[in-house]
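> I would like to see how this sequence folds:
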Amino acid sequence: MNSFFKANFESASNQTVIAERAPLPSELRQSRLPRAVRTAWDTEAPLVASILGAALRNDPVMKWVMNDPKEVWNYFYWMHQKLFAQYDLVHMSRDGKGAAMWLPPMTTEQPVNLVKLFGLSLTILKTGGYQGFKHYLSIRKSFEQHHPHEPHYYLHAIGVRPDFRGRGIGSLLLQEVIERSDRERVKIYTENTCERSLPFLQRHGFRVIAKESLPDGGPTVWFMERLPKHH
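Have a look, this model is predicted:
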């Protein structure tokens with residue numbers, strides 16, 4: 001599980017393709033993915049939320065903010081619908097066992113959209129109460145202090161349903177954006193909130209650039225980046 005908070009960015013530029021019939025954006029994005037992975041459609045928020053809710057319900061930061069682990073589903077449903085689906089970088093395995101949420105590189109960060117931030121705040125208040133909302137503000141402050149300002153791919157969340165871990169699904173979900181990062185020479189950034197995920201991310205080239213324990217007895221966060229490899 002990664003950041004709650006980067007709420008509003010400029011839309012990525014659409015790629016222009018000259019052909020007898022220019023491929024639709026959906027066809028382009030699907031063609032670049034490993035065969036076992038596809039882009040989630042805008043209407044698939046319930047499925048994405050179900051995958052990530054099951055995968056991350058025991059994530060230390062999620063448990064610190066949410067009173068009920070089942071409410072993690074609501075968080076990812078909201079994030080997919082309101083923020084991530086528009087960028088066509090929510091990927092899922094074709095068998096519905098794993099999913100990842102990404103944001104593309106941006107040259108500048110935009111001011112937080114207050115309407116969207118208000119909606120997220122209401123979601124946190126509903127699922128975590130006053131104490132959870134207080135913890136959310138602490139996380140937001142910490143994450144904003146560490147978030148890089150230069151263009152980067154941002155991995156917000158990645159997860160595999162518990163009964164299907166260890167089968168390479170997580171690696172497939174990383175593959176396309178890692179290859180794109182290397183090709184474009186743009187780094188990847190993420191906040192890792194689960195210690196057992198460190199070896200997995202490190203195997204794929206991520207390194208820890210900062211580590212912080214959240215206040216009031218909160219969990220530890222590892223801030224990580226993966227620099228592009230030059231071929």
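
> if I look at the most centrally placed residue in the chain, how far off is Q131?
Centroid-nearest residue in the chain, with Cα atoms, centre = their mean: H156, separated by 1.9 Å. Remark: distance between H156 and Q131 (Cβ to Cβ, to the nearest Å) = 24 Å. For every residue, glycine as well, the C-beta is placed using N, CA and C.

> again with F76
Remark: distance between F76 and Q131 (Cβ to Cβ) = 21 Å.

> buried sites along stretch 129-138?
Neighbour counts over stretch 129-138 (16 or more other Cβ atoms under 10 Å) mark G132, F133, H135, Y136, S138 as buried.

> so who does the residue nearest to R185 when sequence neighbours are not counted touch?
Nearest residue to R185, sequence neighbours excluded (Cβ to Cβ, 6 or more residues apart in numbering): P228, at 4.7 Å. Applying Cβ atoms under 8 Å, 6 or more residues apart in numbering, one finds that P228 lies in contact with S181, D182, E184, R185, V186, K187.

> Neighbour-wise, which one of those residues leads?
In terms of neighbour count, S181 stands highest of the contacts of P228 at 21 neighbours, by other Cβ atoms under 10 Å.

> pretty sure that one contacts Y153?
Yes. S181 is within contact range of Y153, at 5.5 Å (criterion: Cβ atoms under 8 Å).

> Can you check which residues contact both of these two?
Joint contacts of S181 and Y153 (Cβ under 8 Å, 6+ apart) are K187, I188.

> For T123, give me its contacts.
With contact taken as Cβ under 8 Å, 6+ apart, T123 is in contact with N74, Y75, W78.

> Could you grab the helix/strand/coil label for it?
Following DSSP: H, G, I helix; E, B strand; the rest coil, T123 is assigned to helix.

> One more: T190?
Recorded secondary structure, T190: strand (three-state DSSP).

> Run through who's touching the one helix or strand F76 maps to.
Assigned by DSSP states H and E, F76 belongs to helix 72-79. For helix 72-79, contacts defined as Cβ under 8 Å, 6+ apart pick out 4, 45-46, 48-50, 52-53, 56-57, 59, 62, 66, 101, 119-120, 123-124, 126-127, 156-157.
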